[in-house]
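**Q** Could you work out the structure for the sequence below:
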Amino acid sequence: MNTSLPTLFVPHGAPTFALRPGAAGAAMAHAALGLPRPRAVIIVSPHWDTATPAVGSAERPSTVHDFYGFPEELYQLHYPATGCPEAAHEVMAAIEAAGLKVSETPSQGLDHGAWIPLRLMYPDADVPVIPLSVQSSDGVEGAYRLGQALAPLVGRGFLVIGSGNITHNLRDYMIARQNGGQVPSYVRDFPEWLKDKLQSHDLEALMDYRQQAPDAARAHPSDEHLQPLYVALGAAGKDPAIERIHTGISDYVLAMDAYAFTPQH
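**A** Model (predicted):
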């Protein structure tokens with residue numbers, strides 16, 4: 001079965017994004033409505049970080065509230081996802097076939113980087129969900145390789161969603177909040193650089209973003225919130241069609257850009 005699915009990169013913002021999804025949430029919901037129904041969603045969140053790839057195979061993955069000090073109503077939100085052990089094993093087989101190590105985590109729930117976007121995109125929780133970890137120690141090159149391992153699954157009805165943020169610097173958030181909410185210039189400049197390199201298929205520059213992009217170290221003090229984009233990009237195969245389906249800024253320092261990468265068959 002070939003359902004002509006793209007792969008997606010979506011923002012998950014601060015946990016309060018679940019309460020105030022705004023324009024970014026509307027764009028994500030609209031994107032999901034326009035897709036064929038996936039066999040299952042593979043969700044990649046920076047908040048599940050392991051040394052080697054791990055796949056969650058729970059039949060009923062729990063909603064994990066992995067944050068502190070937020071409004072009580074956030075902790076009352078739950079996403080009643082179903083899993084699919086059979087599909088999870090297919091994901092593991094694809095990763096193994098690409099020569100990568102992989103492990104199974106039957107008890108893995110959905111952290112906020114996973115359940116917040118899924119709750120916006122599939123509010124009826126009617127598509128099976130398979131969480132997949134990132135490996136922050138492997139950089140964006142490793143994330144891209146992991147995505148390439150998933151590429152055969154895209155043609156078999158799996159929807160690969162990378163969840164992160166195009167900029168993510170929590171120290172700068174604290175500074176901006178104290179200074180009256182001024183948006184640092186890199187929060188606008190870095191996303192534009194990234195868009196240009198994605199649309200020109202400049203993979204060499206994308207892999208070397210920490211050296212080439214404007215204020216890359218401020219945009220991402222560490223790689224993990226950008227790695228899911230590279231997983232989604234790798235899963236779309238060579239030179240996919242690139243569509244930025246949303247752009248915007250939340251909480252002063254979080255670029256909320258979302259992308260669809262459509263494989264070229």
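
**Q** only C-alpha atoms for contact and neighbour calcs from this point on.
**A** Noted.

**Q** Quick one: end-to-end distance for stretch 50-60.
**A** 21 Å (CA to CA, to the nearest Å).

**Q** how about the helix or strand of the chain with the lowest mean pLDDT: buried residues?
**A** Least confident helix or strand, the chain: helix 170-178 with a mean of 89, by mean pLDDT, DSSP states H and E. Buried residues in helix 170-178, counted by 16 or more other CA atoms under 10 Å: L170, D172, Y173, A176.

**Q** mind giving me a markdown table with these and columns for distance to S57?
**A** Output for these, formatted as a markdown table (distance: CA to CA, whole Å):
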| residue | distance to S57 |
| --- | --- |
| L170 | 31 |
| D172 | 36 |
| Y173 | 35 |
| A176 | 40 |
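
**Q** out of those residues, what pair is the most spread apart?
**A** L170 and A176 (9.7 Å; CA to CA).

**Q** Overlap of the contact sets of these two?
**A** Residues touching both L170 and A176 (CA atoms under 8 Å, 6 or more residues apart in numbering) are V253.

**Q** picking up where we left off before, got the contact list for the least confident helix or strand of the chain?
**A** So helix 170-178 is in contact with Q182, V183, P184, D251, Y252, V253, going by CA under 8 Å, 6+ apart.

**Q** now do 7 Å
**A** Q182, V183, Y252, V253 (CA atoms under 7 Å, 6 or more residues apart in numbering).

**Q** ok, and for the helix or strand just after it, which residues are buried?
**A** Where DSSP states H and E defines the elements, the next helix or strand beyond helix 170-178 is helix 186-199. Of all the residues in helix 186-199, those buried under the rule 16+ other CA under 10 Å are Y186, V187, R188, F190, P191, E192, W193, L194, K195, K197, L198.

**Q** show me where the stretch 1-150 of the chain has helices.
**A** Assigned by DSSP state H, counting those that start in this stretch, the helices in the stretch 1-150 of the chain fall at 22-33, 72-75, 85-97, 112-121, 139-154.

**Q** Could you save those as JSON lines and add columns showing distance to A235, mean neighbour count and mean pLDDT?
**A** Converted to JSON lines, those look like this (distance: least, CA to CA, whole Å; neighbours: other CA atoms under 10 Å; pLDDT from 0 to 100):
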{"stretch": "helix 22-33", "distance to A235": "18", "mean neighbour count": "17", "mean pLDDT": "98"}
{"stretch": "helix 72-75", "distance to A235": "32", "mean neighbour count": "12", "mean pLDDT": "97"}
{"stretch": "helix 85-97", "distance to A235": "11", "mean neighbour count": "19", "mean pLDDT": "98"}
{"stretch": "helix 112-121", "distance to A235": "18", "mean neighbour count": "25", "mean pLDDT": "98"}
{"stretch": "helix 139-154", "distance to A235": "4", "mean neighbour count": "22", "mean pLDDT": "98"}
